[in-house]
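**Student:** Model the following, please.
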Amino acid sequence: MSLQVVLQRGDSRFYRLRAQEEAMAWFQLHVVEPLSQPKIVGNSLVKAGDNAKLVCSVVKGEADAYWWKKSGELLLGSERIYFVENSTLCILQATISDSGYYTCVVSNAVSQNETSFLLQVYHSPNVMLPVILTCVIIGLLAGIFVWCQRREISCDSCW
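**Tutor:** Numbering: from 1, shown residues only. Below you'll find the predicted structure:
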């Protein structure tokens, strides 16, 4: 015996199968809709030191699982990176090394989809960055070395 039925999202419930005049056991039918492509919402340009928040959601279907990757590698939580209900990625005090492609992967019993988002972390022009300069002298030559910083002049400051 076979039964073909066109199901919709709201058809999940208990059913009882009846063959001719004889009642059979109850069974539960759970309808699972395939997932749409997920969408990531967040600020794609973040200043170093600020927090970044990426929210992943699906428009169609219900995801059973979410996970995140950065540049193709599974992203694990840390002191600065954590997940809220797995669908939201939070990065505290973002650094330049946090820049890259973040991928949200969603899945349920019948489908799996993913989408990527480019996060760019930039330094503010007035932020002082630590710089370590090293000079190595090989051989007998010695001299005086002067370290200089080259400054860029923009056209705006020439007028």
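
**Student:** what ranges do the helices span in the protein?
**Tutor:** With DSSP state H, there are no helices along the chain.

**Student:** got any ranges where it has weak pLDDT?
**Tutor:** Scanning the chain for pLDDT under 70 picks out 1-23, 25, 27-31, 125-159.

**Student:** who's in contact with the longest strand seen in the chain?
**Tutor:** In terms of residue count, the longest strand belonging to the chain (DSSP state E) is strand 112-122. Applying C-beta atoms under 8 Å, 6 or more residues apart in numbering, the contact partners of strand 112-122 are 35-40, 42, 44-48, 52, 54, 56, 58, 91, 94-107. C-beta coordinates here come from the backbone N, C-alpha and C atoms, glycine included.

**Student:** These, buried ones only, as a PyMOL selection?
**Tutor:** Command for PyMOL that selects the buried part of the contacts of strand 112-122, burial taken from 16 or more other C-beta atoms under 10 Å:
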select buried, resi 35+38+40+42+46+48+52+54+56+58+91+94+98+99+100+102+103+104+105+106
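
**Student:** Could you give the number of residues near residue 108?
**Tutor:** Counted with other C-beta atoms under 10 Å, residues neighbouring residue 108 total 17.

**Student:** What distance do you get for it to residue 43?
**Tutor:** Per C-beta to C-beta, to the nearest Å, residue 108 is found 28 Å from residue 43.

**Student:** Report the strands that pair with the longest strand of the chain, each with its relative direction.
**Tutor:** Sheet pairing here is set by DSSP bridges, and for strand 112-122 it gives strand 45-47 (parallel), strand 100-107 (antiparallel).

**Student:** between those strands, which gets nearest to residue 63?
**Tutor:** Closest to residue 63 of the strands paired with strand 112-122, according to C-beta to C-beta: strand 100-107, at 4.1 Å.

**Student:** What would the closest one look like as CSV? C-alpha coordinates only.
**Tutor:** Extracted in CSV, the C-alpha atoms of strand 100-107 (Å, rounded to 0.1, in the frame of the first residue of the first chain):
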residue,chain,number,x,y,z
GLY,A,100,38.1,38.3,6.1
TYR,A,101,35.2,36.3,4.7
TYR,A,102,32.8,34.9,7.3
THR,A,103,30.5,32.1,6.2
CYS,A,104,27.2,31.2,7.9
VAL,A,105,26.1,27.6,7.3
VAL,A,106,22.5,26.6,8.1
SER,A,107,21.0,23.1,8.0
